[in-house]
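1. Sequence first, then the predicted structure, then my questions.
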Amino acid sequence: MSTLKTISAPRVDGVDFTITGPAQLEVSGTITLQDPGLALGPFFRALHDAAVTDGLREVLVDVRKLTFVNSSAIRLFVDWVTWTRALGAGAYVLRFRTDRRITWQRTSFAVLRSLGGEVVAIEAE
Amino acid sequence: MRFRPAWAYIDGVRTFCRFFCETTFQRQEVAERAQLVLQETLENAVKYSTPGDASELELELCSEREDLRIAVTSRPDPAHLDNLKHELEHLKLLDPEAAYIAAFMRASQEPEASSRLGLARMRYEGQFELHLSESDNGRVCVTAVGRL
């Protein structure tokens, strides 16, 4: 039984979250909320907690259709990587599937990779 | 373009300016860089504006030879202005990539603080340099200049 698959995605204008498998999330749209941490932070934390509960070795996050975000939304990904790193030897890998043609994905996920080290993997298509 | 500092306007203004840049300069990459600078400068201006009739935001977007200039004028809270000056001075000590990485590190180490990624993002991801100028009436102009 996958805990991650039982998580309900929040309904927020402009962005859709779809849990597409026991260790896969797809995000599409844009995130330009004034306080994305308030609206979406608990969802990201629930995803992390579920990944730990399920004993996952890797979570795939497909952001290719997430065309634009503000810097407060980038913070959501920074927090997720920080929580994962804090697990130490038990950390799972966050694998982000990105679109190299989208400027913010190309640059910000490269920097996220340098923050996360081995717990972050980038697939640029 | 002038409008009152309301969050509801930001998406529409950014979308229009992205379209304007893509159509005028015929380069998607310029339009993408411009839209992120617009988003971050307008968010800051709206978040930290003081209330009142003199708080109207003024946005100017123009090209000068090989540069694109985006200027947002607002009347910010004095405490925010001090923070903004400090952040800009600190940013200039590092190259854009190092400053963006440092901003990520700070966000990671200070989970309860606000993200404070926007200014570094404009320099590295947007490839714009930032300047600040003040007027006697309390209005402040943040100007971002990047290559076309």
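-> Sure, I can see it.

2. does A:Cys97 count as helix, strand or coil?
-> Let me fix one detail, which is that residue A:97 is Arg and not Cys. At A:Arg97, secondary structure determined by DSSP: H, G, I helix; E, B strand; the rest coil is strand.

3. show me the contacts for it.
-> A:Leu60, A:Val61, A:Asp62, A:Val63, A:Arg64, A:Glu123, A:Glu125 (CB atoms under 8 Å, 6 or more residues apart in numbering or on different chains). Quick note: C-beta positions are derived from backbone N, CA and C, even for glycine.

4. and the second one, what does it touch?
-> It refers to A:Val61. Shown in contact with A:Val61 (CB under 8 Å, 6+ apart): A:Gln24, A:Leu25, A:Val27, A:Leu94, A:Arg95, A:Phe96, A:Arg97.

5. Enumerate the residues of chain A near chain B.
-> A:30, A:32, A:34, A:68, A:70-72, A:74-75, A:78-79, A:81-82, A:102-104, A:107-108, A:111-112, A:114-115 (CB under 8 Å from any CB of the partner chain).

6. Let's see that with 7 Å instead.
-> For chain A, the residues in contact with chain B (CB under 7 Å from any CB of the partner chain) are A:32, A:34, A:68, A:70-72, A:74-75, A:78-79, A:82, A:103-104, A:107-108, A:111-112, A:114-115.

7. contacts for the top helix by length along chain A?
-> Scanning chain A for the helix with the most residues, using DSSP state H, yields helix A:36-53. Applying CB atoms under 7 Å, 6 or more residues apart in numbering or on different chains, the contact partners of helix A:36-53 are A:3-4, A:7, A:9-10, A:12, A:25, A:33, A:59, A:72-73, A:75-76, A:79-80, A:83-84, A:92.

8. List only buried entries from these.
-> Burial by neighbour count, 16 or more other CB atoms under 10 Å in any protein chain shown: within the contacts of helix A:36-53 this picks out A:3-4, A:7, A:9, A:25, A:33, A:59, A:72-73, A:75-76, A:79-80, A:83-84, A:92.

9. Now do the phi/psi pair for B:Leu130.
-> In terms of degrees, to the nearest 10, the main-chain angles of B:Leu130 are phi -110, psi 140.

10. need the contact list for it.
-> B:Leu130 neighbours (CB under 7 Å, 6+ apart): B:Leu88, B:Leu119, B:Met122, B:Arg123, B:Val142, B:Ala144.

11. Could you do B:Asn137 as well?
-> Contacts of B:Asn137 (CB under 7 Å, 6+ apart): B:Ala54.

12. Find me the pLDDT at it, would you?
-> The model reports B:Asn137 with a pLDDT of 88.

13. would it count as being in a strand?
-> No: counting by three-state DSSP, one finds B:Asn137 to be coil, located in no strand.

14. can you tell me how far it sits from chain A?
-> 27 Å (CB to the nearest CB, to the nearest Å).

15. cool, and B:Asn83?
-> For B:Asn83, the distance to chain A - CB to the nearest CB - is 15 Å.

16. List phi and psi for the residue nearest to A:Ala124 when sequence neighbours are not counted.
-> Closest residue to A:Ala124 apart from its sequence neighbours, by CB to CB, 6 or more residues apart in numbering or on different chains: A:Arg100 at 4.3 Å. Its backbone dihedrals place A:Arg100 at phi -70, psi -10, with angles given as degrees, to the nearest 10.
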